[in-house]
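Enquirer: pasting the sequence and the predicted model now:
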Amino acid sequence: MKLTNMMGAVLAVASFGAALAVTNPTTDAQASTKMSMASFPAKYQGTWYYYNHGHYNRYTIEAKKTSYRNFYSKKWHTGESPVKVANLNKNMSNIKTGKQNTLLFMSKGRLINQAWENHRVGDGFRTPGTEAYRIVNRHYHGKKVQSLYSENMWNVGNGEVHIFSSYKTKGQAKAFNPTGTTEDFPN
């Protein structure tokens, strides 16, 4: 009987010690690397239009890349950027390859889209060339439609942030920005 009680006590102590070891992570696990997102969330994906002075700028978001077609300086400009995973705890301003790669991370409810070469630890949205997105509901002909609300950091020195919304159709883009001004300020 005493042997059974003693074995039960030893087993209880061993189980409690094992439970503590499992619930308390080691310091190496706490200092783990924070990586960017591997792809755009589905709600951001699609083709988005912005009406700008008689032309429809187009921004396409796929799971693993973005592309654009914008009209400025009297001609069309196009480009694309692949989405690649990167270490968010590492400054990437001196990288030699992958400068046009895009990295993604969430910050304050916004999806941050940044070129690898612009990433600096802790800057978040304050780095030039960074874009922050949110999906915003608007009303169009009595129905709710989604818009891609975008804040674009162009120059940190003077606080130059450009704000505009893009839409799923060209008709919506023109309806919400009929004059085609450079920016709109959605309500």
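Expert: Great, that's in hand. Quantities reported herein were computed from a predicted structural model and do not represent experimental measurements.

Enquirer: what about stretch 105-112, distance to the chain center?
Expert: 5 Å (C-alpha atoms, centre = their mean, to the nearest Å).

Enquirer: repeat for stretch 122-138
Expert: On C-alpha atoms, centre = their mean, the centre of stretch 122-138 falls 7 Å from that of its chain.

Enquirer: next, the buried residues of the longest strand anywhere in the chain.
Expert: The single longest strand within the chain, with elements called by DSSP state E, is strand 143-155. Residues of strand 143-155 classed as buried: Val145, Gln146, Ser147, Leu148, Tyr149, Ser150, Glu151, Asn152, Met153 (neighbour count, 16 or more other C-beta atoms under 10 Å). The C-beta positions use only the backbone N, C-alpha and C, and glycine is treated the same way.

Enquirer: from the residues you listed, which is closest to Ser107?
Expert: Ser107 lies nearest to Glu151 out of those, by C-beta to C-beta, at 11.5 Å.

Enquirer: okay, and the residue nearest to the closest one when sequence neighbours are not counted sits in which element?
Expert: Spatially, and ignoring its direct neighbours in sequence, Glu151 is nearest to Ala132 (4.5 Å; C-beta to C-beta, 6 or more residues apart in numbering). Per DSSP states H and E: Ala132 is located in strand 131-140.

Enquirer: any idea of the mean pLDDT in that strand?
Expert: Averaging pLDDT along strand 131-140 gives 94.
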